[in-house]
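> Give me a 3D structure for the following:
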Amino acid sequence: MTTDIITGADPADHAETTNPPPGGGRGSDYAALSRAVKRSGLLARRPGYYSVKVGANLLLLAAGWAAFALLGPSWWQLLTAAFLAVMFTQTAFLGHDAGHQQIAATKRVNNLLGRLHGNLLVGLSYGWWISKHTRHHAHPNHVDRDPDIANGAITFTLDDTRSGRGPYAWLTRHQAWLFFPMLLLEGLNLHVAGVQALFDRTGSPASRTTRLVEGGLLAAHLGGYLAAVFWVLSPVQAVCFLVVHQGLFGLYMGCSFAPNHKGMPIFAKDDKIDFLRRQVLTSRNIRGRRFTDFALGGLNYQIEHHLFPSMPRPSLRHAQELVRTFCARHGIAYYETGLVRSYGQVLRHLHEVGGPLRPELEY
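Here you go, the predicted model:
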């Protein structure tokens with residue numbers, strides 16, 4: 001039986017690490033680690049890898065839509081929907097890499113790739129995601145700073161639990177049991193949030209031209225997607241296709257991102273912690289080999305990714321031992337576990353957060 005790997009300090013002490021060592025310059029811990037990583041060449045672009053990766057992904061995505069056209073009005077299309085859900089997620093992973101400037105040498109090319117993969121091919125707003133994801137990377141699991149733990153359908157902190165009322169309180173009470181079923185709606189939520197962001201002039205600094213480009217690409221995706229589905233399939237089949245495709249897409253996306261930080265230490269609004277420890281202590285790596293790397297889009301190396309967001313995906317696994325050894329030397333808890341165990345930790349955290357709303361238990 002495999003066990004969790006915790007290198008460095010006791011993870012129970014994570015949330016108490018609020019007094020970092022001095023320095024953010026040349027002598028800081030992160031600066032030393034960064035210099036070692038740069039010397040290793042792991043931050044260098046990988047054009048060959050991404051040329052093959054993007055090309056293969058586009059071929060598989062096109063093959064899925066070709067199969068959809070050839071099958072016609074058949075209930076076998078539900079299998080096509082499942083395949084396309086996988087390919088939509090893999091395409092979103094490439095948009096994620098582009099957003100972190102991992103693919104090309106220039107920001108302009110990366111942003112172009114991000115909008116094509118996100119807005120046009122998947123129907124997710126690249127600009128909205130960049131704004132949200134940048135704030136998450138700056139302050140992961142930090143109350144009032146990380147939008148990924150903001151109060152919403154899922155509650156991540158006890159303070160948010162105590163403010164819940166009515167149906168929201170019922171949802172929080174049962175959120176551990178409802179977590180995976182709710183992920184079936186995550187695809188729809190991402191589509192809607194992206195469209196809403198285009199009309200929210202206060203939430204994004206995007207220019208009018210950028211909004212028009214993003215809006216045009218989203219409209220092209222939505223129009224082409226719905227036209228294809230309802231043109232080829234009967235109305236009932238079309239609705240079932242949409243439910244299966246978008247449901248599995250949301251589930252796959254949610255299952256890929258949930259293990260990264262959920263159930264890891266959360267820092268209070270006024271806590272102070274240096275960059276290195278903030279990124280490492282709030283992140284969870286997922287153990288696995290090449291298939292895990294593919295299935296999770298490299299997000300299984302969450303610690304390395306948060307420390308070096310622009311590091312190309314194939315370099316993350318090579319950076320792992322360097323980062324893990326560095327953390328052990330400096331007494332910083334480096335947490336790694338299996339995928340199934342990570343889901344258990346996420347669900348236990350959600351169950352504990354909803355505990356005060358279960359009167360049959362004593363709190």
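
> By mean pLDDT, which helix or strand of this protein comes out lowest?
Using mean pLDDT, DSSP states H and E, the weakest-scoring helix or strand in the chain turns out to be strand 5-7, at a mean of 66.

> where along this structure do the strands fall?
5-7, 285-286, 334-337 (DSSP state E).

> Give me the residue at the spatial middle of this structure.
The centre of the chain sits closest to F257, judged by C-alpha atoms, centre = their mean, with a distance of 3.9 Å.

> Counting neighbours, what do you get for the residue lying closest to that residue once chain neighbours are set aside?
Leaving aside its chain neighbours, F257 sits nearest to L299 (6.8 Å; criterion: C-beta to C-beta, 6 or more residues apart in numbering). The way it works is simple: take the backbone N, C-alpha and C, and place the C-beta from them, glycine included. L299 has 20 neighbours, counted by other C-beta atoms under 10 Å.

> same check, this time on L198
For L198, the neighbour count with other C-beta under 10 Å is 19.

> Ok, G298 next?
G298: 22 neighbours (other C-beta under 10 Å).

> ditto for W65
15.

> Measure how buried the nearest residue to L113 once chain neighbours are set aside is and give me the count.
Nearest non-adjacent residue to L113, counting by C-beta to C-beta, 6+ apart: A98, 4.2 Å away. When neighbours are defined as other C-beta under 10 Å, A98 has 26 of them.

> What's the per-residue pLDDT of T202 here?
pLDDT recorded at T202 is 59.

> hmm, I was thinking of I273
pLDDT, I273: 93.

> sorry, back to before: how about the contacts made by the residue nearest to F257?
L299 sits next to 93, 256-257, 260, 286, 305 when contact means C-beta atoms under 8 Å, 6 or more residues apart in numbering.

> most surrounded residue in those?
N260 leads the contacts of L299 on contacts (other C-beta under 10 Å) with 26 neighbours.

> pLDDT score assigned to that one?
96.

> May I see the buried residues of stretch 304-323?
Within stretch 304-323, the residues that qualify as buried are 304-308, 311-317, 319-320, 323, counting by 16 or more other C-beta atoms under 10 Å.

> helices and strands around the lengthiest helix in the chain, which ones?
Under DSSP state H, the helix in the chain containing the largest number of residues is helix 235-261. Where contact means 3 or more C-beta pairs under 8 Å, 6 or more residues apart in numbering; DSSP states H and E, helix 235-261 is packed against helix 77-99, helix 175-183, helix 186-198, helix 208-232, helix 302-307, helix 339-353.

> could I get those as JSON lines with mean pLDDT and distance to R108?
What follows is the helices and strands packed on helix 235-261, written out as JSON lines (pLDDT from 0 to 100; distance: least, C-beta to C-beta, whole Å):
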{"stretch": "helix 77-99", "mean pLDDT": "98", "distance to R108": "11"}
{"stretch": "helix 175-183", "mean pLDDT": "96", "distance to R108": "34"}
{"stretch": "helix 186-198", "mean pLDDT": "92", "distance to R108": "21"}
{"stretch": "helix 208-232", "mean pLDDT": "95", "distance to R108": "12"}
{"stretch": "helix 302-307", "mean pLDDT": "98", "distance to R108": "23"}
{"stretch": "helix 339-353", "mean pLDDT": "96", "distance to R108": "36"}
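
> Return the set of buried residues in the longest helix of the chain.
In helix 235-261, counting by 16+ other C-beta under 10 Å, buried: 237-238, 240-242, 244-261.

> Y335 contacts R284, correct?
Yes. If you go by C-beta atoms under 8 Å, Y335 and R284 touch, sitting 5.3 Å apart.

> Mutual contacts of these two, please.
264, 303.

> Give me the nearest residue to L71, chain neighbours excluded.
Q77 (5.6 Å).

> Might one say that the one you found is in contact with V239?
No. Counting by C-beta under 8 Å, Q77 stays clear of V239, with 11.7 Å between them.

> what's the burial count for the closest residue to S163 other than its chain neighbours?
Distances taken as C-beta to C-beta, 6+ apart place N151 nearest to S163, at 7.5 Å, with adjacent residues excluded. By other C-beta under 10 Å, 15 other residues sit near N151.

> For T157, see how far away N151 is.
8 Å (C-beta to C-beta, to the nearest Å).

> Same check on G127?
Computed as C-beta to C-beta, the G127 to T157 distance reads 28 Å.

> neighbour count winner among these two?
Set G127 next to T157 and count neighbours by other C-beta under 10 Å: G127 wins out with 25 against 17.

> Provide a list of residues in contact with A81.
By C-beta under 8 Å, 6+ apart, the neighbours of A81 are 241, 244-245, 248.

> got the residues you listed as TSV, with pLDDT and distance to L218 columns?
Putting these into TSV (pLDDT from 0 to 100; distance: C-beta to C-beta, whole Å) gives the following:
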residue	pLDDT	distance to L218
F241	98	20
V244	98	22
H245	98	17
L248	98	21
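
> Reformat the residues you listed as TSV; add distance to V109.
Shown next, in TSV, are the contacts of A81 (distance: C-beta to C-beta, whole Å):
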residue	distance to V109
F241	34
V244	35
H245	30
L248	31
